[in-house]
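Engineer: Give me a model of this one.
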Amino acid sequence: MIKSLIIGSSRGIGLGITKELLKENHKVYGISRGAPKLEIKKNYYHTSLDISSNVKFKDYLQSQNLNEFDNFILCAGSNDVANLPDISIERLTNLYKI
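Structural biologist: A predicted model of the protein is given here:
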(Lines give C-alpha, C1' and ligand atoms only; values in the text may rest on other atoms or scores of the structure.)
Protein backbone atom coordinates (compact mmCIF):
# COMPACT_ATOMS: atom_id res chain seq x y z
CA MET A 1 0.00 0.00 0.00
CA ILE A 2 1.34 3.42 -0.95
CA LYS A 3 1.82 5.74 2.01
CA SER A 4 1.73 9.53 1.54
CA LEU A 5 2.31 12.50 3.83
CA ILE A 6 0.32 15.54 2.70
CA ILE A 7 0.90 18.90 4.32
CA GLY A 8 -2.14 21.10 3.75
CA SER A 9 -4.60 18.23 3.30
CA SER A 10 -7.80 19.95 4.45
CA ARG A 11 -8.53 22.41 1.64
CA GLY A 12 -7.83 23.32 -1.95
CA ILE A 13 -5.31 21.33 -3.94
CA GLY A 14 -4.20 19.34 -0.88
CA LEU A 15 -7.77 18.18 -0.22
CA GLY A 16 -8.21 17.26 -3.88
CA ILE A 17 -5.03 15.16 -3.86
CA THR A 18 -6.05 13.57 -0.55
CA LYS A 19 -9.44 12.52 -1.97
CA GLU A 20 -7.91 11.08 -5.13
CA LEU A 21 -5.29 9.07 -3.23
CA LEU A 22 -7.92 7.68 -0.86
CA LYS A 23 -10.05 6.61 -3.85
CA GLU A 24 -7.01 4.65 -5.03
CA ASN A 25 -6.79 2.97 -1.59
CA HIS A 26 -3.58 4.75 -0.56
CA LYS A 27 -2.74 5.36 3.08
CA VAL A 28 -2.73 9.14 3.63
CA TYR A 29 -1.27 10.99 6.59
CA GLY A 30 -2.55 14.56 6.48
CA ILE A 31 -1.35 17.62 8.32
CA SER A 32 -3.46 20.76 8.49
CA ARG A 33 -4.91 23.20 10.98
CA GLY A 34 -8.37 21.68 10.61
CA ALA A 35 -9.56 18.23 9.65
CA PRO A 36 -10.78 17.88 6.06
CA LYS A 37 -14.34 16.94 5.18
CA LEU A 38 -13.94 13.54 3.58
CA GLU A 39 -16.40 10.98 2.28
CA ILE A 40 -13.73 8.27 2.51
CA LYS A 41 -12.10 8.15 5.93
CA LYS A 42 -10.59 4.69 5.75
CA ASN A 43 -6.79 4.93 5.53
CA TYR A 44 -6.75 8.64 6.44
CA TYR A 45 -4.81 9.74 9.52
CA HIS A 46 -4.98 13.40 10.47
CA THR A 47 -2.69 15.53 12.60
CA SER A 48 -3.94 18.99 13.50
CA LEU A 49 -0.91 21.25 13.27
CA ASP A 50 -0.16 24.82 12.23
CA ILE A 51 3.09 24.43 10.30
CA SER A 52 3.93 28.10 10.70
CA SER A 53 4.97 27.09 14.23
CA ASN A 54 8.46 25.96 13.29
CA VAL A 55 9.13 24.20 16.59
CA LYS A 56 5.93 22.11 16.53
CA PHE A 57 6.40 21.22 12.86
CA LYS A 58 10.03 20.23 13.45
CA ASP A 59 8.99 18.12 16.45
CA TYR A 60 6.32 16.37 14.34
CA LEU A 61 8.76 15.59 11.53
CA GLN A 62 11.36 14.28 13.98
CA SER A 63 8.73 12.00 15.54
CA GLN A 64 8.09 10.31 12.19
CA ASN A 65 10.16 7.85 10.24
CA LEU A 66 10.02 9.79 6.98
CA ASN A 67 11.63 6.90 5.10
CA GLU A 68 8.34 4.99 5.50
CA PHE A 69 6.53 7.42 3.18
CA ASP A 70 6.40 6.87 -0.55
CA ASN A 71 5.23 10.43 -1.23
CA PHE A 72 5.74 13.78 0.47
CA ILE A 73 3.30 16.37 -0.87
CA LEU A 74 3.43 20.00 0.23
CA CYS A 75 0.22 21.97 -0.42
CA ALA A 76 0.20 24.34 2.52
CA GLY A 77 -0.35 27.94 1.68
CA SER A 78 -2.25 31.08 2.38
CA ASN A 79 -4.22 33.42 0.16
CA ASP A 80 -3.48 36.86 1.57
CA VAL A 81 -4.87 39.17 -1.11
CA ALA A 82 -3.86 42.84 -0.89
CA ASN A 83 -2.53 45.70 -2.94
CA LEU A 84 1.26 45.89 -2.89
CA PRO A 85 1.40 49.15 -0.86
CA ASP A 86 -0.80 47.53 1.82
CA ILE A 87 1.50 44.54 2.39
CA SER A 88 3.68 44.95 5.44
CA ILE A 89 6.97 43.18 6.07
CA GLU A 90 5.19 41.20 8.80
CA ARG A 91 2.55 39.93 6.34
CA LEU A 92 5.24 38.95 3.84
CA THR A 93 7.18 37.17 6.56
CA ASN A 94 4.09 35.21 7.65
CA LEU A 95 3.41 34.14 4.04
CA TYR A 96 7.00 33.09 3.62
CA LYS A 97 6.91 30.99 6.81
CA ILE A 98 3.98 29.00 5.47
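
Engineer: How are the helices of this structure distributed by residue range?
Structural biologist: 12-23, 54-63, 89-97 (DSSP state H).

Engineer: just checking, what packs against the longest one?
Structural biologist: Right, the one you point to is helix 12-23. The contact analysis (3 or more Cβ pairs under 8 Å, 6 or more residues apart in numbering; DSSP states H and E) places helix 12-23 against strand 3-7, strand 27-32. (C-beta placed from N, C-alpha, C; glycine too.)

Engineer: Now do the first one against strand 27-32, angle only.
Structural biologist: So that's strand 3-7. Here the directions of strand 3-7 and strand 27-32 differ by 10 degrees (axes from the mean of the first three to the mean of the last three Cα atoms, to 10 degrees).

Engineer: what residues are up against the nearest residue to residue 22 once chain neighbours are set aside?
Structural biologist: In space, and not counting its chain neighbours, residue 22 is closest to residue 40: 4.3 Å by Cβ to Cβ, 6 or more residues apart in numbering. By Cβ atoms under 8 Å, 6 or more residues apart in numbering, the residues touching residue 40 are 19, 22, 23.
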